[in-house]
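A.B. asks: Whatever this is, show me its structure:
(2 chains)
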Amino acid sequence: MSAADQESGGLGIDPMHQFEVTPIIPIHFGGIDASFTNASMWMVFAAIGIISLTVFAMSGRAMVPGRWQSIAELSYEFVANMVRDNVGKAGQSYFPFIFTLFMFVLFSNMLGMLPYSFTTTSHIIVTFALALFIFIGVTLIGVVKHGFHFLSLFVPKGLPAVLLPLIVVIEVISYLSRPISLSVRLFANMMAGHTMLKVFAGFVIGFLGAGGLFTGLAIAPIAFMVAFTGLEILVAFLQAYVFAILTCIYLNDALHLH
Amino acid sequence: MKTPTERNGDTGDVSADNKSDLAALDAKIRAHTKAHRQKNPEPAETGRRSTAIGMAFRLSTEMVAGLVAGGVIGWIIDDLLGTKPWGLLTFFFLGMAAGILNVFRTAQKLAADAAEQMGKSDDLSGDK
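C.D. replies: The predicted model follows:
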């Protein structure tokens, strides 16, 4: 919750204010605004967090791991199992990418749960950039591995020749819709959750501002917010998991074609 | 457990002794894990247990994604070929079909996952 909102009290609360991107270090390249914004800053924080976890927590290399090393090992095993289950042996060489992706989304989501922070994944441009990168990468992998045969992905087995033109167009649209559904799911989940928290925080301030009998009623939205924060942490993890597992599934399609 | 103090005491020992120490510890942990598993079987993995709202959300994004992809393609075709509004109209409906196809496939996958989960928990209770 931003300080400005708490000061404005009751009526002037804008639940969308938390998503505002503000430049910290303005940089302009010939008419292109490439400023270092709060969004960039929190992405850097996510990267620093991941590097600290994987490099410094593992620096001990203890046989019996401590807390931090346990977290690092757990996340490694979690993603490694995910890749093995969904892509198989061929997917092992793509593990570094999936791991980076999962950790980046997870850290962005989790950092967004901190008060006063900024959730980078609540912006569709961030998630869409990630999804588009995955989409193009996976398509290239498929084309390189299978060449012209990759197009058989768009032709279901046992399709009558009459229906071929129609079904192929539908399959192509369905394929092209993958980056959209991938990015929209993550972005909408994060944004909806954070907006909801903010709206209920506004109720609390509203009740307290009304005074008298209403002051006691403020306990209801507070209780809801506490419960909802727990759910949001689950969602933050779940969405990172879904993002990574869908990438695995797309990769599997490209590598094995049905 | 008293292993840390023991280990501190005999740091000068050969690695063979250390190894057998570890093997003993490993066996101990294994036995404990087995006993624990038998007492309370492993709960379902949190990641797979999607909530009803999550499922609904996933399906609706699939549908919308198909529509948007179809609409955008139609728009681009109209722009390139000057066939306004026929490209958008045609591809909007094709996008709808693609969206339904997406939803159908996702639902199939969710159902398969759920069935697998059921099978797993059945197995666990079965061998107990």
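A.B. asks: for chain A, which helix is longest?
C.D. replies: helix A:219-256 (DSSP state H).
A.B. asks: for chain B, that is, sorry about that
C.D. replies: Counting by DSSP H, the longest helix found in chain B is helix B:86-127.
A.B. asks: Between helix A:219-256 and that one, find me the angle.
C.D. replies: Interaxial angle, helix B:86-127 versus helix A:219-256 (axes from the mean of the first three to the mean of the last three C-alpha atoms, to 10 degrees): 100 degrees.
A.B. asks: So helix B:86-127, near chain A or not?
C.D. replies: Yes - under the criterion of C-beta under 8 Å from any C-beta of the partner chain, chain A is reached by helix B:86-127 at B:91, B:94, B:95, B:97, B:98, B:99, B:101, B:102. Using the backbone N, CA and C atoms, a C-beta is placed for each residue, glycine as well.
A.B. asks: Grab the nearest non-local neighbour of the last one.
C.D. replies: Spatially, and ignoring its direct neighbours in sequence, residue B:102 is nearest to residue B:62 (3.9 Å; C-beta to C-beta, 6 or more residues apart in numbering or on different chains).
A.B. asks: What of the second one?
C.D. replies: Of all residues not flanking residue B:94 in the chain, residue B:70 sits nearest, at 5.2 Å (C-beta to C-beta, 6+ apart).
A.B. asks: thinking again about what came up before, which strands or helices does the longest helix of chain B pack on?
C.D. replies: helix A:164-176, helix B:52-81 (3 or more C-beta pairs under 8 Å, 6 or more residues apart in numbering or on different chains; DSSP states H and E).
A.B. asks: Tell me which of those helices lies nearest to residue A:56.
C.D. replies: helix B:52-81 (33.9 Å; C-beta to C-beta).
A.B. asks: What is the closest one packed up against?
C.D. replies: helix A:164-176, helix A:178-210, helix A:219-256, helix B:86-127.
A.B. asks: ok and that helix relative to helix A:164-176, angle-wise?
C.D. replies: Angle of helix B:52-81 versus helix A:164-176, following the same axes, to 10 degrees, is 120 degrees.
A.B. asks: Look at residue A:63 and say how many residues are nearby.
C.D. replies: 8 (other C-beta atoms under 10 Å in any protein chain shown).
A.B. asks: which residues touch it?
C.D. replies: With contact set as C-beta atoms under 8 Å, 6 or more residues apart in numbering or on different chains, residue A:63 has these partners: residue B:22.
A.B. asks: Just to be sure, it is in a helix?
C.D. replies: No - read with DSSP: H, G, I helix; E, B strand; the rest coil, residue A:63 is coil and lies in no helix.
A.B. asks: quick one: which of the helices and strands packed on helix B:86-127 is nearest residue A:224?
C.D. replies: Using C-beta to C-beta, the nearest of the helices and strands packed on helix B:86-127 to residue A:224 is helix B:52-81, at 15.5 Å.
A.B. asks: which stretch of helix or strand covers the most centrally placed residue in chain A?
C.D. replies: Note on chain A: the residue nearest the mean C-alpha position is residue A:105, at 4.2 Å, using C-alpha atoms, centre = their mean. Assigned by DSSP states H and E, residue A:105 belongs to helix A:95-112.
A.B. asks: Please name every helix or strand in contact with that helix.
C.D. replies: Applying 3+ C-beta pairs under 8 Å, 6+ apart, one finds that helix A:95-112 contacts helix A:38-51, helix A:67-87, helix A:124-146, helix A:178-210, helix A:219-256.
A.B. asks: if you compare the ones you listed, which one is most tucked away?
C.D. replies: Highest mean neighbour count among those (mean count of other C-beta atoms under 10 Å in any protein chain shown): helix A:178-210, with a mean of 20.
A.B. asks: Hey, what's the angle from that helix to helix B:86-127? Just curious.
C.D. replies: Going by the same axes, to 10 degrees, helix A:178-210 makes 80 degrees with helix B:86-127.
A.B. asks: Could you break chain B into its assigned domains?
C.D. replies: B:3-39, B:52-127 (automatic domain parsing).
A.B. asks: ok, which residues in chain A are in contact with chain B?
C.D. replies: Contacts of chain A with chain B, taken as C-beta under 8 Å from any C-beta, map to A:63, A:169-171, A:173-174, A:176-178, A:180-181, A:184-185, A:188-189, A:234-235, A:237-238, A:241-242, A:245.
A.B. asks: One more pass at 7 Å, please.
C.D. replies: For chain A, the contact set with chain B under C-beta under 7 Å from any C-beta of the partner chain comprises A:169, A:170, A:173, A:174, A:176, A:177, A:180, A:181, A:184, A:185, A:238, A:241.
A.B. asks: And the furthest pair within these?
C.D. replies: A:169 and A:238 (33.5 Å).
A.B. asks: Okay, residue A:116 and residue A:14: tell me how far apart.
C.D. replies: Using C-beta to C-beta, to the nearest Å, residue A:116 is found at 16 Å from residue A:14.
A.B. asks: just residue A:198 next, same as before
C.D. replies: Counting by C-beta to C-beta, the gap from residue A:198 to residue A:14 is 8 Å.
A.B. asks: which one among the residues of helix B:86-127 next to chain A gets closest to residue A:141?
C.D. replies: The shortest approach to residue A:141 among those belongs to residue B:102, at 21.5 Å (C-beta to C-beta).
A.B. asks: my read: the closest one touches residue A:176, true?
C.D. replies: No - in this structure residue B:102 lies outside contact range of residue A:176 using C-beta atoms under 7 Å: 11.0 Å.
A.B. asks: Of the domains of chain B, flag the one that's most buried.
C.D. replies: Each of the domains of chain B was scored by mean neighbour count; the highest is domain B:52-127, a mean of 16, by mean count of other C-beta under 10 Å.
A.B. asks: Tell me the gap between that domain and the middle of its chain.
C.D. replies: When C-alpha coordinates are averaged (C-alpha atoms, centre = their mean, to the nearest Å), domain B:52-127 and its chain have centres 18 Å apart.
A.B. asks: how about low-confidence regions in the chain?
C.D. replies: Just so you know, I chose chain A. For chain A, the stretches with pLDDT under 70 are A:1-12, A:258.
A.B. asks: that's the wrong chain, I wanted chain B
C.D. replies: B:1-16, B:40-51, B:120-128.
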